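>>> got a structure for you, letters missing:
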């Protein structure tokens, strides 16, 4: 059974700090890794995708992938109250159907 | 057009009703999905259509019936639902190994 593990949180950080969200996965042949942001009562929104080891930056977001250690992380720099949401990690292997983690709740307080 | 449009946004139905959820995308994505999401849980896969053919059915009860009339449209027909079927129903589309574009969802309440 493919598993994607995330700490459910909540992770609480002050405004302007770096939020670090982590995700581990069990399937060694995983190829595609995604982070979705989901505001309460809304649908998930894709914010980052990463396919190879290393870092990928997009604005205030950085995704980090380490396939040897089977983890993927999301860093949010200069966190804002508007970043408060649940962040879902999703991992897919040979099929294009991802396995979702349970999500980490992030709270950014002013 | 980079959106997936779902209608209706909210639906309240009785256990004897028949209703349909609709989903439309014009991004040329050839894979479309139905997910069900309960509060504080991750999305749960229901059906996958690939090139307009049903490729995955995650043992969903027959009271849920998917339909893909063409490459842009996806329907989910509902009949004789139970209160425990109340949830957020999400449609998504994707291309190859790219991530999903989700619609805004239909909030379904079964009374």
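Received the coordinates, thanks. What you see is a predicted model; the values in this text were computed from it and never measured.
>>> Give me the average confidence score over stretch A:62-78.
Stretch A:62-78 carries an average pLDDT of 97.
>>> and it, how far out from the chain's middle?
On the basis of C-alpha atoms, centre = their mean, to the nearest Å, stretch A:62-78 sits 8 Å off its chain's mean C-alpha point.
>>> what do you get for stretch B:70-85?
6 Å.
>>> So is it next to chain A?
No - judged by C-beta under 8 Å from any C-beta of the partner chain, stretch B:70-85 stays clear of chain A, getting no closer than 14.9 Å. Backbone N, C-alpha and C define where each C-beta goes, glycine included.
>>> List the buried residues for that stretch?
For stretch B:70-85, burial by neighbour count (16 or more other C-beta atoms under 10 Å in any protein chain shown) applies to B:71-72, B:74-76, B:78, B:81, B:85.
>>> Output the lowest mean pLDDT helix or strand found in chain B.
Lowest mean confidence among the helices and strands of chain B (mean pLDDT, DSSP states H and E): strand B:53-57, at a mean of 87.
>>> So which residues make contact with that one?
Residues from elsewhere that reach strand B:53-57 (C-beta atoms under 8 Å, 6 or more residues apart in numbering or on different chains): A:97, B:45-49, B:66, B:68.
>>> Could you rerun that using 6 Å?
The contact list for strand B:53-57 (C-beta atoms under 6 Å, 6 or more residues apart in numbering or on different chains) reads B:47-48.
>>> Kindly report the residues of chain B close to chain A.
B:42-43, B:90, B:97, B:99, B:102, B:104-105 (C-beta under 6 Å from any C-beta of the partner chain).
>>> Show me which of those are buried.
B:42-43, B:90, B:99, B:102, B:104-105.
>>> need the residues you listed in CSV with pLDDT, can you?
Formatted as CSV, those follow (pLDDT from 0 to 100):
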residue, pLDDT
B:42, 95
B:43, 96
B:90, 98
B:99, 93
B:102, 98
B:104, 97
B:105, 97
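>>> In these, find the pair that's most separated.
Greatest spatial distance among these (C-beta to C-beta): B:42 and B:104, at 17.6 Å.
>>> residues in contact with the residue most central in space within chain B?
When C-alpha atoms, centre = their mean is applied to chain B, the residue found nearest the centroid is residue B:34 (3.2 Å). Neighbouring residues of residue B:34 by C-beta under 6 Å, 6+ apart: B:46-47, B:76.
>>> For it, name its beta-bridge partners.
Note on residue B:34: beta-bridge partners residue B:47, residue B:91, judged by DSSP bridges.
>>> got a pLDDT number for it?
pLDDT for residue B:34: 97.
>>> in chain B, what spans have low per-residue confidence?
B:1 (pLDDT under 70).
>>> What distance do you get for the closest residue to residue A:39 other than its chain neighbours to residue B:45?
Leaving aside its chain neighbours, residue A:39 sits nearest to residue A:85 (4.9 Å; criterion: C-beta to C-beta, 6 or more residues apart in numbering or on different chains). For residue A:85, the distance to residue B:45 (C-beta to C-beta, to the nearest Å) stands at 22 Å.
>>> How about residue B:16?
Counting by C-beta to C-beta, the gap from residue B:16 to residue B:45 is 27 Å.
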